[in-house]
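In: here's my sequence, what's the structure:
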Amino acid sequence: MTLQFSVLASGSSGNAFYIGTEKEKILVDAGLSGKEMTRLFDEINVDPHSLSKILVTHEHSDHIKGLGIFARKYQLPIYANEKTWKAMESSIGKIELDQKFIFHTEETRSFGDIDVESFAVSHDAAEPMFYTFHHEGKKVALVTDLGYVSERIKKTVQGADALVFEANHDVEMLRMGRYPWSVKRRILGDSGHVSNDDCAIALKDIIDNQTKRIYLAHLSKDNNMKDLARMSVHNGLHDFGFAVGNDFTLHDTDPRTPTPIFEVV
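Out: Down below sits the predicted model:
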């Protein structure tokens, strides 16, 4: 049974990620409306009724907008750490006790035939965490919403066959853009978001022989563009001596269109 995934939606307006096997099907975050979430699953031909659970990274609305309604509609258990539960409870409506589960930061749990490892990131949320997924020797890492990439995070996500990694903004676009300085400072800070250039700098320490696909994720709709992100990361990695396009490939993500299901083999 292979590990399959799709970046259902990624960007400042909404985020969701699907990963699964024949036995176990997991949604990470539900940052679009319940109706939009159902549409995304239709587009990748996965029945939401077949999902086994939802994992939550943090309480920001672009990650939980449709969480409550989607979990209630499909009777799905939700896993999040205690601080995230506290921070998001008023935003997601009533969730039955038998749908509420704790997943601690820096914990590894087995769900069916997928082992999921959580790890902390630096972001301005209650206790944000992201995940790596392991199945039969294959590994997929999901990491966005972080102000900087620590050595610990690099080690945690290293060895992944596929990486979904943040390339949020172009620094010059952000500096010259319409955002107030307080927002710019937040994005540029240690608990904000990773820029295109910093994405390439972090990836140079993460990429190894296992790395086959990298998805550039959580692009700002105001301070980035797909072509710019891909070119910046490509050029940065090329300058570091990587054969981009040969050793591994770079892929776009979109806030409304899922990436095609990919099988990690």
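In: how far does stretch 211-225 stretch from start to finish?
Out: Chord length of stretch 211-225, first to last residue, is 24 Å (C-alpha to C-alpha, to the nearest Å).
In: over to stretch 39-54?
Out: End-to-end for stretch 39-54, by C-alpha to C-alpha: 17 Å.
In: and stretch 73-85, by the same measure?
Out: Taking C-alpha to C-alpha, stretch 73-85 runs 19 Å from one end to the other.
In: please name the nearest non-neighbouring residue to S91.
Out: Nearest non-adjacent residue to S91, counting by C-beta to C-beta, 6 or more residues apart in numbering: I64, 6.3 Å away. For every residue, glycine as well, the C-beta is placed using N, CA and C.
In: might one say that that neighbour is in contact with L32?
Out: No - the pair I64 / L32 is not scored as a contact, 10.2 Å apart, by C-beta atoms under 8 Å.
In: mutual contacts of those two, please.
Out: Contact criterion C-beta atoms under 8 Å, 6 or more residues apart in numbering; residues shared by I64 and L32: none found.
In: just the strands in the stretch 101-250 of the chain please.
Out: 108-111, 114-120, 129-135, 138-143, 162-166, 213-217, 249-251 (DSSP state E, counting those that start in this stretch).
In: thought E36 was touching N15?
Out: No - counting by C-beta under 8 Å, E36 does not reach N15; the two are 11.8 Å apart.
In: rewinding a little: determine which stretch of the strands of the stretch 101-250 of the chain is the most buried.
Out: Each of the strands of the stretch 101-250 of the chain was scored by mean neighbour count; the highest is strand 162-166, a mean of 27, by mean count of other C-beta atoms under 10 Å.
In: of the strands of the stretch 101-250 of the chain, which approaches S182 most closely?
Out: strand 162-166 (21.1 Å; C-beta to C-beta).
In: just checking, what packs against the closest one?
Out: Packing partners of strand 162-166 (3 or more C-beta pairs under 8 Å, 6 or more residues apart in numbering; DSSP states H and E): strand 138-143, helix 196-206, strand 213-217.
In: so can I have JSON lines of those showing mean pLDDT?
Out: Listed next are the helices and strands packed on strand 162-166 as JSON lines, based on pLDDT from 0 to 100:
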{"stretch": "strand 138-143", "mean pLDDT": "98"}
{"stretch": "helix 196-206", "mean pLDDT": "98"}
{"stretch": "strand 213-217", "mean pLDDT": "98"}
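In: adding distance to Y79, write the ones you listed out as a markdown table.
Out: Formatted as a markdown table, the helices and strands packed on strand 162-166 follow (distance: least, C-beta to C-beta, whole Å):
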| stretch | distance to Y79 |
| --- | --- |
| strand 138-143 | 14 |
| helix 196-206 | 25 |
| strand 213-217 | 21 |
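In: ok, the residue nearest to S91 - contacts?
Out: Counting by C-beta under 8 Å, 6+ apart, I64 touches D29, A30, G31, V56, M88, S91, I92.
In: of those residues, which belong to strands?
Out: Nothing among the contacts of I64 maps onto strands, per DSSP state E.
In: and which of the residues you listed is nearest V164?
Out: Proximity of the contacts of I64 to V164 (C-beta to C-beta) peaks at D29, which lies at 11.5 Å.
In: residue contacts, the closest one?
Out: Per C-beta under 8 Å, 6+ apart, neighbours of D29: N15, A16, F17, I54, L55, V56, T57, H63, I64, L67.
In: one step back: so which two of the contacts of I64 are the farthest from each other?
Out: Greatest spatial distance among those (C-beta to C-beta): D29 and S91, at 13.2 Å.
In: any idea how far the closest residue in space to E127 that isn't next to it in sequence lies from V121?
Out: Counting by C-beta to C-beta, 6+ apart, the nearest residue to E127 once its immediate chain neighbours are dropped is K83, at 3.8 Å. Going from K83 to V121 by C-beta to C-beta, to the nearest Å gives 13 Å.
In: quickly list what's touching both of the two.
Out: With C-beta under 8 Å, 6+ apart, K83 and V121 have no common neighbours.
In: S52 contacts E24, correct?
Out: Yes - using C-beta under 8 Å, S52 is in contact with E24, at 5.5 Å.
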